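> Just to be clear, the model below is a prediction. Sequence and coordinates:
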Amino acid sequence: MTVSAPCAVCGAFDMAPFFEARAVPTNSCILLPTPDSARAYPRGDLSLSCCGDCGFIANVAFDPSRTEYSGRYEETQAFSATFNRFHESLALDLVERFGVHERDVIEIGCGKGEFLALLAETGANRCVGFDPSFDPARAVRPSRGSVEVETRFFTAADGAMEADFVVCKMTLEHIHEPRPLMAAMRRVAANRPDALVFVQVPDVTRILEDCAFEDLYYEHCAYFAPVSLARLAHEVGLRPIALESVYGGQYLTMVADVAPLPEEGARYDSAAELDRHLEAVESFATRCAARLDEWQSRLDQWSLAGRRVVLWGSGSKAVSFLSTLRTPAVAHVVDINPHRHGHFMPGTGQPIVAPAALVDLRPDVVVVLNRLYVDEISDDLGRLGLAPELVAL
C-alpha cells in the first residue's frame with residue numbers, strides 16, 4: 001500500500017507505510033506544571049512512511065497545529081559537558097574548515113542560542129538567529145562577534161536576507177514540508193558569492209539499524225538519511241560538499257554550496273545507498289517489535305523484583321520510552337537541566353528531579369537514554385556516593 005500524498009522531498013507518489021505508534025504525546029520538550037496536566041497532555045499518532053524514490057521518511061499523520069514552540073519549550077542540551085565538547089568542536093571545525101571568519105551568519109531555529117554564540121565567538125562572526133523559544137535572559141554573550149535573535153519563526157519573506165553562512169541545526173526534522181525551507185536557505189545563500197548552507201538533523205540510518213524507538217516522536221515529522229538529505233539539497237539547487245555522520249552516528253551534517261537549479265527530471269542518484277536504506281526500512285517494524293519486547297520484559301522483571309528504576313534524561317527520548325513501554329518501575333526521571341526540575345513528563349506524569357534527589361531515592365537501576373553520556377552520568381553518580389546499575393539504550 002502507498003500513501004496518496006506525494007513525497008515532500010522529491011514529489012514522487014511512492015510513500016509506503018512501515019511503522020505506527022498510536023496516541024503519543026504531541027510535544028516532548030514542553031514544561032508541564034502538574035502530574036495531571038502532564039498525563040492529560042494532547043496526543044497524536046505516528047504513521048511513518050518511506051519514499052521508495054528518494055528514501056525520505058515522514059510521519060504522514062502529523063498535524064502541525066498540535067505542536068508548540070514557545071517559551072515553555074525546553075530543548076537545550078547545554079548543561080552537559082559531553083554535549084558541550086561536541087558543540088564546541090563542531091563550531092571550530094566549521095569555522096576553520098570552511099573559512100567562516102568575520103562573516104554574516106543566520107541560524108534558523110537557534111533554540112537558546114548556544115551554537116550561534118559559539119560561531120560568533122570562534123570566528124568573530126556577526127550572527128542573527130530565529131527561534132520563538134529563545135529566552136533573552138539566558139542568552140550567551142560572546143566576547144567576539146555579535147549575536148542577535150528574533151523570537152519568531154523564520155519565514156519565506158526572510159529569504160531576501162543576505163548571509164555568508166546559513167545554519168539550520170536540529171530544526172529541519174520538525175518541518176513537515178522541508179523543501180520550501182531548504183529553498184529559502186538557498187535563496188539567502190544565493191545573495192552572496194561563495195555562501196554556504198549548513199544543516200544538521202538526526203541520522204535516521206542509526207535509528208533504523210539500532211531500532212532506536214526512543215528517537216521516534218511526534219515533533220520529528222521528517223527523517224533523513226544521507227541519500228534523502230542530499231536529494232533534498234539537489235532538488236532546490238544546493239550541492240553537498242560535505243555529508244557526514246557525527247556524534248556516534250546520531251547526527252547527520254551537510255555543508256552545501258549554491259548550484260544551478262536542476263533541470264526537469266534530473267535527480268540525485270545513489271542506487272546502492274538507497275537500496276540499503278530501503279532494506280532497513282522494510283525490516284524495521286519486525287526488528288523493532290523484538291527490541292520493544294526485550295525492554296518490556298526487562299522492565300517487568302525489575303518491577304516484580306521491587307527494584308527502584310529511574311531514567312536519566314527527561315527530553316524526547318524519555319518521553320518516547322515511557323509512552324511506548326508502560327511500567328510502574330519508573331517513578332522518577334532525573335535531569336541535569338535545572339529549568340526542568342519540578343515539572344512532569346508529558347503523557348505519563350513522572351516528576352523530573354535533580355541528580356541530588358537520587359541520594360534519597362536510592363535507585364537500584366539508572367536507565368541512560370543516550371549511551372554517549374554513560375561516563376558523564378557515572379561520574380555524577382559517583383560524586384553523590386551512589387553506584388546503581390547503569391543500563392544504556
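In hand now; what should we look at? Numbers count the residues shown, from 1 in each chain.
> all strands of the stretch 1-150 of the chain, in order?
15-25, 43-51, 57-59, 104-108, 126-130, 146-150 (DSSP state E, counting those that start in this stretch).
> Quick one: list the elements packing against the fifth one.
In terms of contacts (3 or more Cβ pairs under 8 Å, 6 or more residues apart in numbering; DSSP states H and E), strand 126-130 is packed against strand 104-108, helix 114-123, strand 146-150. Every residue, glycine included, has its C-beta placed from N, CA and C.
> Ok, the shortest one next?
The contact analysis (3+ Cβ pairs under 8 Å, 6+ apart) places strand 57-59 against strand 43-51, strand 222-223.
> now for these, which one comes closest to residue 245?
strand 222-223 (14.0 Å; Cβ to Cβ).
> Which strands border that closest one, and is each parallel or antiparallel?
If you go by DSSP bridges, strand 222-223 pairs up with strand 57-59 (antiparallel).
> Could I get the average pLDDT for the strand it pairs with?
For strand 57-59, mean pLDDT is 98.
> Distance from it to the middle of the chain?
14 Å (Cα atoms, centre = their mean, to the nearest Å).
> per-residue pLDDT, the residue nearest to residue 35 when sequence neighbours are not counted?
Nearest residue to residue 35 in three dimensions, chain neighbours excluded: residue 349, at 4.0 Å (Cβ to Cβ, 6 or more residues apart in numbering). Here the pLDDT value assigned to residue 349 is 97.
> Could you measure from residue 349 over to residue 24?
Per Cβ to Cβ, to the nearest Å, residue 349 is found 15 Å from residue 24.
> More neighbours: these two, which one.
More crowded of residue 349 and residue 24, by other Cβ atoms under 10 Å: residue 24, with 20 against 17.
> what residues are up against the more buried one?
43, 44, 45, 46, 217, 218, 320, 323, 324, 347 (Cβ atoms under 8 Å, 6 or more residues apart in numbering).
> Let's see that with 7 Å instead.
43, 44, 46, 217, 218, 323 (Cβ atoms under 7 Å, 6 or more residues apart in numbering).
> for residue 12, same thing?
6, 51, 53, 54.
> ok, now with 10 Å
2, 6, 51, 52, 53, 54, 56, 267 (Cβ atoms under 10 Å, 6 or more residues apart in numbering).
> swap in residue 62?
26, 44, 45, 46, 47, 174, 176, 218, 219, 220, 221, 222.
> Redo the residues you listed as CSV? Include neighbour count, pLDDT and distance to residue 312.
Shown next, in CSV, are the contacts of residue 62 (neighbours: other Cβ atoms under 10 Å; pLDDT from 0 to 100; distance: Cβ to Cβ, whole Å):
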residue, neighbour count, pLDDT, distance to residue 312
26, 22, 97, 24
44, 20, 97, 27
45, 16, 97, 28
46, 20, 97, 24
47, 17, 97, 30
174, 19, 97, 24
176, 15, 96, 31
218, 28, 97, 22
219, 22, 95, 21
220, 23, 97, 21
221, 25, 98, 27
222, 23, 98, 28
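> Looking at these, spot the one nearest residue 107.
residue 174 (14.3 Å).
> Phi and psi next, for the closest one.
For residue 174, the backbone dihedrals (degrees, to the nearest 10) come out as phi -90, psi 0.
> May I see the helices and strands packed on strand 57-59 organised as JSON lines, with distance to residue 243 added?
Shown next, in JSON lines, are those (distance: least, Cβ to Cβ, whole Å):
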{"stretch": "strand 43-51", "distance to residue 243": "18"}
{"stretch": "strand 222-223", "distance to residue 243": "16"}
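> Between those strands, which one is closest to residue 285.
Per Cβ to Cβ, nearest to residue 285 of these: strand 43-51, 9.2 Å.
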